[in-house]
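Chemist: Provided below for reference: sequence and predicted model.
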Amino acid sequence: MIRTRVAPSPTGFPHIGTIYQSLFDFAFAHKNNGKFVVRIEDTDRTRFVEGAEDGIFAALDWFGLSEDESPRKAGEYGPYRQSERLPLYKKHAEELVEKGHAYYCFCSKERLTEIRQKMQDEKQIPKYDRYCRTISLPDAQKRLENGESYVIRMKIPDGETIIVHDGIRGEIVFESDILDDQVIIKADGFPTYHLAVVVDDHEMQISHVLRGEEWISSAPKHVLLYRYFGWQEPLWFHTPLIRNPDKSKLSKRQGHTAVTWYQQEGYLPQAIKNYLALMGWSHPEGKDIFSLDEFIRLFEFKDLKPLGPIFDLVKLSWMNGQYIMQMPDEILADHIMKYFSEKNLDASIVRKSIPLIKERIKTLKEYWPLASFLFEKPTEYDQEITETQLLSKVASSLEKIDSWTATSIGESLQALATQEHVQFGKFFMMMRIVISGHKVSPPLNESLEILGKEECMARIQALI
RNA sequence: GGCCCCAUAGUCUAGUGGCCUAGGACACCAGGUUCUCAUCCUGGAAACACGGGUUCGAACCCCGUUGGGGUCACCA
């Protein structure tokens, strides 16, 4: 049974990186009739943000990457929130202590920072000095009973080579000597990531662990933990990290990490998914635009590339534009209505405007600056209109039109321009500004048709 | 700094020893279509980081250098 998981921490806005991981997890699970689970890693109480978990699920739903099991979708391996699994971690940590693979540590934070500082000064690798390893178990238990504050650390063996089998990069070799006696249970009784991830991935029978490259350096600790417990390791896949334009890890300061930002900018979830799929993976036929179903059919974890790609908003925008162009008019209209819901736009005008704008906007947000003149009179003009005499003639000429269609409007306008010996370019530019206020607008005749005769006449009269 | 990962145009990538005169996409430049813009069409500029090997032959394999990134917490 293929089981994949994404394990976000509820510490803020839903992160685009979580979606990136989820896309692959979701695709691979679905391709193999497996399950995609979401586990909430909320073991850090200091960074916990109220409501963040809801945000994660809302984002997953928005992208159409909803999970099979999670805190909100019961499965047989729950609970799916780490804060609700505390006894499990404690039990396993104690098991490790009994087996001699972990020990109680009573060192104060002050002492720890002190030794870390000292080792740094001596240009050594800052590591815990294993001071508490020498405390006998009975002694430690006595101190526990006295209510002394403690953590549990795992014992790292000396002089061992630990190999992490990464499905993307092959074997990664580590020497155990560089590893620290990692804390696995904190003083507050919560597990650290290292213990929790191993226990949960095992208990939840995760077969393929896909996570960011930033975890490679702690992977040997996890491998060790699996060995200590006598469990079979999952298959590891460390995905490349999405980067800022300066190649550092994607950050709020330089890039856009929040899914909500992309929503606000009017990007479509299909386009973002398609774009994300192309980071580290490529379509066998070199296609750029493809559906999620097609991606699911073709995707394999092993085809992921190890190079960290830079997030290119320009290409995302192009792709978003492609999706907008290919979208049926009614659906695009719905998207625009929803996006601008606070404006209470006239649905029939929106619907009629779609053919005029769908090749001209790359994001939903761009609809407004381009099409607002269809809903409200221009308040400013890109250029002053001085040709009042000509405008009067336009007015009387348009007045005569009975069937107010783009074709007849166009014919009438062209005839007038010819008759008055005005260049088409100049003439239509003037009309464009009169009607829309802008030098750049959707096709003019069609816009006039949508606005209706009465409204058009009013806009012309206003400038005479 | 130690350890680890990575290395084809500005960006995303194809390429797994001869099919490469290195292909595609975005962006860019030029031209065409057009009443603006956009779409669309045509063309163009633009890359195998460097140095050693291995081999009849290397973008592809090995080593080194350089460069970039990640990580070194009782955060994930």
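Modeler: On my side now, so go ahead. Because the structure is predicted, anything quoted here is derived from the model rather than measured. Residues are numbered from 1 along each chain as shown, chains lettered A, B, ... in the order given.

Chemist: please report phi then psi for residue A:185.
Modeler: Backbone torsions of residue A:185, given as degrees, to the nearest 10, read phi -120, psi 130.

Chemist: same check, this time on residue A:353
Modeler: As for residue A:353, its main-chain torsions (degrees, to the nearest 10) stand at phi -80, psi -20.

Chemist: that one is in contact with residue A:451, isn't it?
Modeler: No: between residue A:353 and residue A:451 there is no contact under Cβ atoms under 8 Å: 10.3 Å. Every residue, glycine included, has its C-beta placed from N, CA and C.

Chemist: who touches both of these two?
Modeler: residue A:374 (Cβ atoms under 8 Å, 6 or more residues apart in numbering).

Chemist: quick one: which of those two has more around it?
Modeler: Shown here are residue A:353 and residue A:451; by other Cβ atoms under 10 Å, residue A:353 has more neighbours (25 against 22).

Chemist: ok, that one - contacts?
Modeler: So residue A:353 contacts A:371, A:374, A:442, A:450 (Cβ under 8 Å, 6+ apart).

Chemist: quick one, strands of chain A?
Modeler: A:3-6, A:35-38, A:102-105, A:151-154, A:161-166, A:170-175, A:183-185, A:208-212, A:235-239 (DSSP state E).

Chemist: what angle do the last one and strand A:170-175 make?
Modeler: Relative orientation of strand A:235-239 versus strand A:170-175 (axes from the mean of the first three to the mean of the last three Cα atoms, to 10 degrees): 90 degrees.

Chemist: between strand A:161-166 and strand A:235-239, find me the angle.
Modeler: 70 degrees.

Chemist: number of residues surrounding residue A:190?
Modeler: 18.

Chemist: residue A:307 too?
Modeler: 10.

Chemist: what of residue A:198?
Modeler: Other residues within reach of residue A:198, judged by other Cβ under 10 Å, total 26.

Chemist: can you check the one 3 residues further on too?
Modeler: Counted with other Cβ under 10 Å, the neighbours of residue A:201 add up to 23.

Chemist: isn't it up against residue A:236?
Modeler: No: with contact defined as Cβ under 8 Å, residue A:201 does not reach residue A:236; the gap is 10.2 Å.

Chemist: overlap of the contact sets of these two?
Modeler: Common neighbours of residue A:201 and residue A:236, counting by Cβ under 8 Å, 6+ apart, are residue A:209.

Chemist: report the helix or strand with the lowest average pLDDT across chain A.
Modeler: Ranking every helix and strand in chain A by mean pLDDT, DSSP states H and E puts helix A:109-121 at the bottom, with a mean of 88.

Chemist: tell me which residues of that helix are tucked away?
Modeler: Neighbour counts over helix A:109-121 (16 or more other Cβ atoms under 10 Å) mark A:112, A:115 as buried.

Chemist: how about stretch A:447-464?
Modeler: Buried positions in stretch A:447-464, judged by neighbour count with 16+ other Cβ under 10 Å: A:447-451, A:453, A:456, A:459-460, A:463.

Chemist: mind putting those in CSV, distance to RNA strand B included?
Modeler: What follows is the buried residues of stretch A:447-464, written out as CSV (distance: Cβ to the nearest atom of the strand, whole Å):
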residue, distance to RNA strand B
A:447, 9
A:448, 10
A:449, 11
A:450, 13
A:451, 15
A:453, 17
A:456, 14
A:459, 16
A:460, 15
A:463, 17
